[in-house]
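Visitor: quick one, fold the following:
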Amino acid sequence: MVRPGVPYGLRDGARAVRALTRRRVVRGACAALVVLGLLAWWLLPGGSPAPSGNVTFATGVPTGVYARYGTLLQQRLGRDAPDLDMGLKASEGSVENIEMVVSGEADFTIAQSDAVADYVDGGGEGADRLSACARLYDDYVQLIVPADSPVRSARDLKGLRVGMGEERSGVSLVAGRLLQAAGLNRKKDLHEVPIGIDRMPALLADGKLDAFLWTGGLPTTAIEQLAEKTRIRLVQLGDLVPRLQRMEPETRHYRPAVMPADAYPAVQQGEPVNTVAVSNLLVTTDRTDAEVAEALTRSLINSRDQIGNEVHAAQKVDLRTAIYTDPLPLHEGAERYYRAVKP
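Guide: I've put the predicted structure just below:
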């Protein structure tokens, strides 16, 4: 219907203005949706929904590196994923940690790669369900003796009282293989004391142990504290490497390593110490939701410097090597994270 008194040109112009206005409104709405979408993506890295619920993280003995690492990671995750509550549970160490994760008693843990391989190769129950979120840092095998001890190598431990970690710890597993490489039988050739790093230093200081073996990141706080009150010495283990290599495949996850001179300055007096190292893995199972594994992996990688200020070993966590989790495959959620941050 033609409106009287309005020229055709003006009517056409008005329609054009209204059409242009509608197009601008639509474009503006689309742009707003894009911005909101990008904002949501930024707030939830990787584009995944924020995970929620409860998970349990198995650590280790109270004064060990695993326990401190777990506490600091728990704090960081609380900020990164506030709806995801991570509880901590103490253990004897790597061997028990794996058992706890497989049984469902824990959802995540840290374990030495040799202990994981031992469980997988031995056909442990549920071994096929295990996976990893990251390769972390290396544990260094440390043989500690009083400063005036005659012990100069593992072979000299014969007949002595030696702390070798709790029965289900990674320390105990490594210690047994090192003694075997040294030509010693742990049950017959020495007096084995099955206790952890929470007790070994005090017993050494009191003269109730002649030596103890420990596997941990550098430096280990309990050993630093021992050195403050007792004169101690680190014994080299590098001479065992050739024999350990001949014991493969059980020892394939061990490698020659050097404890730098500044690992324990008060003990080493500027001298490096040859030893053996083994990597640690962040372990879980296929029961863990991908979103939860992705969130924990993200917090782990992003908190490297923060945690590293208190647990120096954490400074060795590297995005470039974290994906190498042999003997376990990467968990789906961890793989999702690494793909998202891949340059």
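Visitor: can you give me the strands in the stretch 51-200 of the chain?
Guide: Here the stretch 51-200 of the chain has its strands, by DSSP state E, counting those that start in this stretch, at 53-58, 84-89, 108-112, 130-146, 161-163, 191-193.
Visitor: give me the angle between the second one and strand 53-58.
Guide: Spelled out, it's strand 84-89. With axes from the mean of the first three to the mean of the last three CA atoms, to 10 degrees applied, the angle from strand 84-89 to strand 53-58 works out at 30 degrees.
Visitor: ditto for the third one
Guide: Going by the same axes, to 10 degrees, strand 108-112 is angled at 20 degrees with respect to strand 53-58.
Visitor: pairing partners for strand 108-112, with directions?
Guide: Using DSSP bridges, strand 108-112 pairs in its sheet with strand 53-58 (parallel), strand 273-285 (antiparallel).
Visitor: give me the buried positions along the last one.
Guide: Put plainly, it is strand 273-285. With burial defined by 16 or more other CB atoms under 10 Å, the residues of strand 273-285 counted as buried are 273, 275-285. Bear in mind the C-beta positions are built from the backbone N, C-alpha and C, glycine included.
Visitor: now the shortest one
Guide: Counting neighbours by 16+ other CB under 10 Å, one finds that the buried residues in strand 53-58 are 55-58.
Visitor: picking that back up, could you dump the strands of the stretch 51-200 of the chain to a markdown table with mean pLDDT and distance to residue 238?
Guide: As requested, the strands of the stretch 51-200 of the chain are exported to a markdown table (pLDDT from 0 to 100; distance: least, CB to CB, whole Å):
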| stretch | mean pLDDT | distance to residue 238 |
| --- | --- | --- |
| strand 53-58 | 97 | 32 |
| strand 84-89 | 97 | 35 |
| strand 108-112 | 97 | 19 |
| strand 130-146 | 97 | 10 |
| strand 161-163 | 98 | 19 |
| strand 191-193 | 97 | 23 |
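Visitor: ok, which of the ones you listed comes nearest residue 322?
Guide: Shortest separation from residue 322 across the strands of the stretch 51-200 of the chain is recorded for strand 130-146, at 4.2 Å, computed as CB to CB.
Visitor: isn't residue 172 right up against residue 95?
Guide: Yes. With contact defined as CB atoms under 8 Å, residue 172 reaches residue 95; the gap is 7.3 Å.
Visitor: which of the residues in stretch 75-87 are buried?
Guide: Quick answer for stretch 75-87 (16+ other CB under 10 Å): 76-77, 80-81, 84, 86.
Visitor: also stretch 142-154?
Guide: Buried residues in stretch 142-154, counted by 16+ other CB under 10 Å: 142-146, 149, 151, 154.
Visitor: start to end distance for that stretch?
Guide: Terminal residues of stretch 142-154 lie 11 Å apart, using CA to CA, to the nearest Å.
Visitor: any idea how far that stretch is from the chain center?
Guide: 29 Å (CA atoms, centre = their mean, to the nearest Å).
Visitor: check stretch 117-136 too.
Guide: 15 Å.
Visitor: give the contact list for residue 77.
Guide: 84, 86, 295-296, 299 (CB atoms under 8 Å, 6 or more residues apart in numbering).
Visitor: if we can go back for a sec, pipe the buried residues of strand 273-285 into TSV and attach pLDDT and distance to residue 187 per row.
Guide: What follows is the buried residues of strand 273-285, written out as TSV (pLDDT from 0 to 100; distance: CB to CB, whole Å):
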residue	pLDDT	distance to residue 187
273	98	28
275	98	24
276	97	22
277	96	26
278	97	23
279	96	28
280	97	28
281	98	29
282	98	33
283	98	29
284	98	34
285	98	33
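Visitor: list just the nearest of those to residue 253.
Guide: Distance to residue 253 across the buried residues of strand 273-285 (CB to CB) is lowest for residue 278, with 5.4 Å.
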